[in-house]
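Novice: Below: sequence and its predicted model.
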Amino acid sequence: MELDRPGCVVDWCSKPMKITKSGTLNIMGFCTTHEGRYYRYGTPTPDVACFECHTTFPFSFPGSHIVKQGNGPQKFYCPTCNVLLSKYNHLVPNHHSLLYFYKLTPVGYIKLLIRQRFSCALCHTSDVKLVVDHDHSCCPGRESCGKCVRGLVCYNCNIFLGRYDTNPDILQQTHEYLDYYDVQRRLS
């Protein structure tokens, strides 16, 4: 006959208390999960740091999320970052290249998107694929230190910014070019 087991003594845990091999209830009052953490970390609810915002919170806090990818280390997400990830993760391009090339985490990318109202930082076009724009004078080449990320721009604006970075006079030249042909059109 199954024992009517009380719940784990950890406040937010709703799992039943562990039954020992002898058939008695766990003397500490933990469920199997929290007992394992107690023996591994010295406490049933060790504090961990969020991979994104570095806020510390208990290991199994409600709303938090743990991601294990392959043989790599576990990544912990606090409830706030977990909500952002679960709601907007489909808008984030390749996570690995964001981190490798721009030192930008998925939540960092999402925060940029929200700050820019989900549109290009330059032309404000929405519903287009956005790319990370960074200051090449800080970090020449494709990789960035992460501190020089300016925002998210559409492909066309990224091409324009690349031309502007190499020739700052191009804005004035473009303006003169368009004015000249506008005057020519009116005269003919």
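Specialist: Cool, got the structure. Numbers count the residues shown, from 1 in each chain.
Novice: average model confidence for the helix ranked longest in the chain?
Specialist: Ranked by residue count and defined by DSSP state H, the top helix of the chain is helix 170-187. Mean per-residue pLDDT for helix 170-187: 81.
Novice: residues of that helix that come out buried?
Specialist: For helix 170-187, a neighbour-count test (16 or more other C-beta atoms under 10 Å) marks nothing as buried. Using the backbone N, CA and C atoms, a C-beta is placed for each residue, glycine as well.
Novice: Name the surrounding residues that touch it.
Specialist: 163-164 (C-beta atoms under 8 Å, 6 or more residues apart in numbering).
Novice: Can you pull the domain assignment for this protein?
Specialist: 1-45, 47-87, 92-188 (automatic domain parsing).
Novice: any idea of the mean pLDDT in the first one?
Specialist: Spelled out, that is domain 1-45. The average pLDDT within domain 1-45 is 80.
Novice: i'd like the first residue to be 427 from this point on
Specialist: Got it, the first residue is 427 from now on, which makes the last one we talked about domain 427-471.
Novice: for it, the distance to its chain's centre please.
Specialist: Its chain's C-alpha centre and that of domain 427-471 lie 34 Å apart, by C-alpha atoms, centre = their mean, to the nearest Å.
Novice: swap in the longest one?
Specialist: Chain-centre distance of domain 518-614: 20 Å, with C-alpha atoms, centre = their mean.
Novice: Ends of that domain, what's the gap?
Specialist: 50 Å (C-alpha to C-alpha, to the nearest Å).
Novice: In this structure Val558 contacts Val575, no?
Specialist: Yes: counting by C-beta atoms under 8 Å, Val575 is a contact partner of Val558 at 6.0 Å.
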